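Colleague: the following comprises the amino acid sequence and a computationally predicted model.
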Amino acid sequence: MLKCMKQLAQIFKALSDETRLEIVVTLAGREMCVCDILDAFKLSQPAISHHLKVLKQAGVLVDSRDGKWIYYSVNPGVLELVEGLLQEVIKKSETKERLHNCVDESLDEIQEGEEP
């Protein structure tokens, strides 16, 4: 589970940038070459390349080469991993368990005559 959490942290870090989120939304359900991605955004080629690199390193995007063109698309497996985590959090959030460990420790300290 720890490896999974590290991977999820990298994914969320990559998605924490507004431009990268827009790139992912733009690529949803399609494959685009770098030149078409560049045309869709008002950013320089080095900036777009940087964003694509970050997304690819996190596993959010995959690429394929066709001659001199590189096409990018969303990696559905990574999105399923994110969805799984979010579904787990949502499910657990629906039944809020309340822990009382700090209250119990304070009571123990009071009973022993210490200040909490």
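Modeller: Alright, I've got the coordinates.
Colleague: so where's this protein shaky on pLDDT?
Modeller: Within the chain, the segments meeting pLDDT under 70 span 1-3, 99-116.
Colleague: quick one, longest helix in it?
Modeller: The longest helix of the chain (DSSP state H) is helix 76-94.
Colleague: neighbouring contacts of that helix?
Modeller: 4, 7-8, 11-12, 58-60 (Cβ atoms under 8 Å, 6 or more residues apart in numbering). In short, each C-beta sits where N, CA and C put it, glycine included.
Colleague: now the strands for the chain?
Modeller: Under the criterion DSSP state E, the chain contains strands at 32-33, 61-66, 69-74.
Colleague: so for V24, which of these sits nearest?
Modeller: Closest of those to V24 is strand 69-74, at 6.0 Å (criterion: Cβ to Cβ).
Colleague: next, the angle strand 61-66 makes with that closest one.
Modeller: If you take axes from the mean of the first three to the mean of the last three Cα atoms, to 10 degrees, strand 69-74 sits at 150 degrees to strand 61-66.
Colleague: how about strand 69-74: buried residues?
Modeller: Buried positions in strand 69-74, judged by neighbour count with 16 or more other Cβ atoms under 10 Å: 71-72, 74.
Colleague: with the residues you listed in mind, which one is nearest to I23?
Modeller: Y72 (8.2 Å).
Colleague: from V78, how far out is the closest one?
Modeller: Distance from Y72 to V78, counting by Cβ to Cβ, to the nearest Å: 13 Å.
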